[in-house]
Structure formats: structure tokens, C-alpha cells
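1. This is a predicted model, with the sequence first.
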Amino acid sequence: MKPRSPAPAALVVRGAALLLAVAALGHTLWHGVAEPGHALAFGLLITVGELARWGALPGEREPAPLGAAGALAYALLGRSAGEATTHGVLQVVTVVVAAQLLASVPHVARGSGPGPDQLARRVLTVGFAAVCFQPLQQSGLSERWLGQGPHVALFLLLLLLLTALCDAVLAALTAGTGRRYGPQLRDELHALSGIGSAVCATGVVMALGLAVAGLWALPVLCVPLLLTQVSFRRYAAVRTTYRQTIASLARSTEIAGYTPHGHARRVADLSTAVGRELGLAGPELTVLEYAALMHDIGQLSLLDPVADGATTLLPAAEQRRIALLGGAVVRQTGVDPAVAAVVEQQADPYREQQTAARIVRTVNAYDDLCGEGVKGPLGALEQLRLGTGRDYQPQVVEALARVLARGGLAPVRAG
């Protein structure tokens, strides 16, 4: 499949980051490096943090928390051991760019390096933080306005909030998912509540700690974030194993010949996309995905498989019986009871369903109807619209249509 071209907004972000990086590198080469010890220390910290990056995880958008915290701390560093620093905005950008390029070499060699959008976001975000702080610090305005008391910490926290907002805006612009900007930005802001909050807090603590103790405090202040990173990796491993277990259970209907190959995964992927279109996020999307994966598990109770596994074509009473049996099976697996509730409701009239059950029923019906051949994607959507009086919520059907239109209205089924 031909890779999707970057969106115009992503190209603008990349171009802006490239111009800033070139200007910063040129300025630093021409004027030299101020305080080379600090530049080297933070450069090494950011490089090590980038080398320790992990792959993208569901719900998390910061794969290199230590590198991000180090870059923010350098941007917000105004004093070291009581002495004012003079490195300035462009040197901050230079150190971040050099460290990222150095750390990218082994990642690119393994084919797992950060993408250009990630690099551009980091450069622009750190540049934004430095522009907001360094001129005020070097002109002495921050000390005259805030002094050296707790107001400085509050000011830094405010800058970090603005910086996090800037990063979320850039991430939404460069997402390349084809979704509307508003829901995409909301998801990015929601993702900040994860390890991103630890990154921001560590960045502030590093800047304040070095202002008093100097560079000797840098390794010590990194320890809490390193421990957080290790704990998060373990948590992510547990989540991954849990998700794989659910996916394996979902495939049991395919292995037993009750549903077509890939049906559960297709319904889960499309349901998640529709859920995002309707504004679901975080735990709600997780419950939706798991319920979509396991929505047909009740078919294992049938003596004779349904033709093509298409429960949509069965009488309402039979659909209801299979849904209740599926919910009972899900409850016995130890999965979140909210998932079982969605599975049990999927055959109810939509006015009696929760949002996740409405989505699963609609998407499952779309996949079943596409499989009939004579209907195809457009015919399946038309059939769903005819059923909006009782079976399918009109808003969910239209959200599905928008998601499919962005993807070219291609059939869900493979082959």
C-alpha cells in the first residue's frame, strides 16, 4: 500500500523546525558555545534519554521521557549554583538538535528511529519554552518581577503548562490520522495526564535544583523519572499481555469456524475509530476495543455455526440470546465487567444501549452486510440507515460513514 503523504500542516511544522534548527546551529557555530560544561552535561542527558526510548504505547505519546525532561530543564535553566547562565534560546535548540541527531543513529540503524514529526515537535516545543523563559531571565525581568521565592516555581509551572499545550497542538497537527482537528487535540491533551506530567515535573525540579546545587544535582534529580520510566514499562508490559490475551480469546470463534478470519479485529479497529469520532477517549476506548474484540464469543454456544458468522441476519431473539451468552463468557474470563455489559447489550434496541454497545452493534452489522457481496460498503451503509428507527443510532451510523469516507469507503473485509 502506498504510504500516505504528510498533511500540509505537518509539512509546515517540519519546515518551521528545520528553519529554527539551521538558524540555531549557525548561530552557535558562529558565536561559540556558552558554558560548554552545562551544554555537554545536558547534551549527554538528552542523548541517553533518547537512546533509552521505547516504542509507541497505547495512550502514551512520550517514548523518551528522560530526554524530554532534560530538554525542558535546559530551556528553563536560568541559574546554576547561584550564578546566572547565559546560554540563550538558540543554544538550547542547538543542544537538543545535536543530541537527538546523535541518539537517532543507532535507532535508525535498527529501523526504529523517531519520525520527522516527533523530531520537529521536540525542537519547536523546547524552542517555545526557551523563548518564553530565557529572554526574561537574561534581561533580569524575571528576578525583578518574581524575586527568588516560590513565585519562580509557579512561573515555571505555568510555562510548562503552556509548553505542554503547544506540544499537544503540534501533535494534533502532525497526527496524520485524517480525523477532525478538535477530537484529535482532545486526545492529545488527555494523553498528557500520563507520564507527560512526570516529565514536566522533573523538568521544573531539575531547573530549580541546578539553580541551587549546580551540575552535581543533575544525576540525582534524574533518578525519580528513571524509576517512573521503569515502572511504566512494567505496567505497559502487563497491559500488552492483557490485550494479547483478549485478542487470543476473540480469535477462538475464528479458529472454531464460527466467524470469518479477521472479523473481530476489523470490528475492533473500526469501532475504535468511530468511538474517537464520537469523542470517546481513554478508558472508554479501551472498553470499546475489548468489547468489539469479544462481541461474537457467544457464538461458541451454538451447535451449528451461523452462515459467515453474520449474527446481524438472525432473528432479534437469537441475537439477544447469543449476546447474553457472550457476556456470561466474558465475565468468567476475569475481564473488566464493563466489557461484559457492552457485549450483553449489543443486540438491544439502541435507545436501551450505552454508547459503546451502539458502536459495536453498528460496526458489526456493517462488516456482516459487506460480506454479503451484493450490498458492498455503500449498500451496507444504506441498510444501516434504514435501520435507524430501532436498531442503529443515527449519530453512530453517520460517524461510521465519516470514518469510512476518509478511508475511501473501502470494504472492511480483506480479500
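-> Okay, I see it. Keep in mind that this is a model prediction, so the values were computed, not measured.
2. Low-confidence regions, the stretch 301-415 of the chain specifically.
-> 303, 308-309, 371-375, 408-415 (pLDDT under 70).
3. which residues in it form helices?
-> Counting by DSSP state H, counting those that start in this stretch, the stretch 301-415 of the chain has helices at residues 316-332, 337-345, 355-370, 376-386, 394-406.
4. For the longest one, what is the distance to the chain centroid?
-> With Cα atoms, centre = their mean, to the nearest Å as the basis, the distance from the averaged C-alpha position of helix 316-332 to the chain average is 32 Å.
5. likewise the shortest one?
-> Centroid separation between helix 337-345 and its chain, computed with Cα atoms, centre = their mean, is 25 Å.
6. all strands of this structure, in order?
-> Remark: strands assigned in the chain by DSSP state E are 79-80, 83-84.
7. Please identify the most buried of those.
-> Sort those by mean neighbour count, taking mean count of other Cβ atoms under 10 Å, and strand 79-80 sits at the top with a mean of 20. From N, CA and C alone the C-beta is placed, and that goes for glycine too.
8. Can you list the strands that that one pairs with?
-> Strand pairing for strand 79-80, using DSSP bridges, gives strand 83-84 (antiparallel).
9. residues making contact with the strand it pairs with?
-> 78, 137-138 (Cβ atoms under 8 Å, 6 or more residues apart in numbering).
10. swap in stretch 16-25?
-> Contacts for stretch 16-25 (Cβ under 8 Å, 6+ apart): 89-94, 97-98, 119-121, 123-124, 127.
11. of all the contacts of strand 83-84, which comes closest to residue 300?
-> For the contacts of strand 83-84, the closest approach to residue 300 (Cβ to Cβ) belongs to residue 78, at 64.2 Å.
12. roughly how far apart are the closest residue to residue 137 other than its chain neighbours and residue 46?
-> Distances taken as Cβ to Cβ, 6 or more residues apart in numbering put residue 78 closest to residue 137, at 3.7 Å, once the chain neighbours are dropped. Distance of residue 78 to residue 46, given as Cβ to Cβ, to the nearest Å: 18 Å.
13. out of these two, which sits in the more crowded spot?
-> The neighbour comparison of residue 78 against residue 46 (other Cβ atoms under 10 Å) goes to residue 46, with 29 against 21.
14. before we move on, back to that, now do the same contact list for the residue nearest to residue 137.
-> 84-85, 133-134, 137-138, 142, 207, 211.
15. got a winner among those residues for most neighbours?
-> With neighbours defined as other Cβ under 10 Å, the most crowded of the contacts of residue 78 is residue 207; it has 25 neighbours.
16. I'd say it and residue 155 touch.
-> No. Here residue 207 lies out of contact with residue 155, judged by Cβ atoms under 8 Å, at a distance of 10.9 Å.
17. can you map out the helices along the stretch 51-200 of the chain?
-> Secondary structure of the stretch 51-200 of the chain by DSSP H, counting those that start in this stretch: the helices cover 65-75, 88-109, 116-138, 141-146, 150-173, 181-191, 195-213.
18. which secondary structure elements does the last one contact?
-> In other words, helix 195-213. Judged by 3 or more Cβ pairs under 8 Å, 6 or more residues apart in numbering; DSSP states H and E, the packing partners of helix 195-213 are helix 65-75, strand 79-80, helix 150-173, helix 217-250.
19. list the helices and strands the first one packs on?
-> Helices and strands touching helix 65-75, as assessed by 3+ Cβ pairs under 8 Å, 6+ apart, comprise helix 36-51, helix 88-109, helix 116-138, helix 195-213, helix 217-250.
20. ok now the last one, how far from the chain's centre?
-> What separates the centre of helix 217-250 from the centre of its chain is 15 Å, taken as Cα atoms, centre = their mean.
21. ditto for the shortest one
-> Its chain's C-alpha centre lies 26 Å from the corresponding centre of helix 36-51 when counted by Cα atoms, centre = their mean.
22. Neighbours of residue 100, how many?
-> 24.
23. how close does it sit to residue 66?
-> 13 Å.
24. Repeat that for residue 277.
-> 35 Å.
25. do the same with residue 119
-> 17 Å.
26. Single out the most deeply packed of the helices and strands packed on helix 195-213.
-> helix 65-75 comes out most buried of the helices and strands packed on helix 195-213 by mean count of other Cβ under 10 Å, with a mean of 28.
27. Could you export that helix as PDB, CA atoms only?
-> The C-alpha trace of helix 65-75 is given here as PDB (Å, rounded to 0.1, in the frame of the first residue of the first chain):
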ATOM      1  CA  PRO A  65      10.700  10.900  29.000                       C
ATOM      2  CA  LEU A  66      14.200  11.400  30.300                       C
ATOM      3  CA  GLY A  67      15.300  13.100  27.100                       C
ATOM      4  CA  ALA A  68      12.200  15.300  27.100                       C
ATOM      5  CA  ALA A  69      12.700  16.300  30.800                       C
ATOM      6  CA  GLY A  70      16.300  17.100  30.200                       C
ATOM      7  CA  ALA A  71      15.500  19.300  27.200                       C
ATOM      8  CA  LEU A  72      12.800  21.200  29.100                       C
ATOM      9  CA  ALA A  73      15.200  21.600  32.100                       C
ATOM     10  CA  TYR A  74      17.900  23.200  29.900                       C
ATOM     11  CA  ALA A  75      15.300  25.500  28.300                       C
END
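28. relative orientation of it and helix 88-109 in degrees?
-> 160 degrees (axes from the mean of the first three to the mean of the last three Cα atoms, to 10 degrees).
29. What is the distance between helix 65-75 and the centre of its chain?
-> Using Cα atoms, centre = their mean, the offset of helix 65-75 from its chain centre is 20 Å.
30. Could you verify my assumption that residue 249 touches residue 290?
-> No. Taking Cβ under 8 Å as the definition, residue 249 is not a contact partner of residue 290, at 9.7 Å.
31. Since that was my last question, I'll sign off now.
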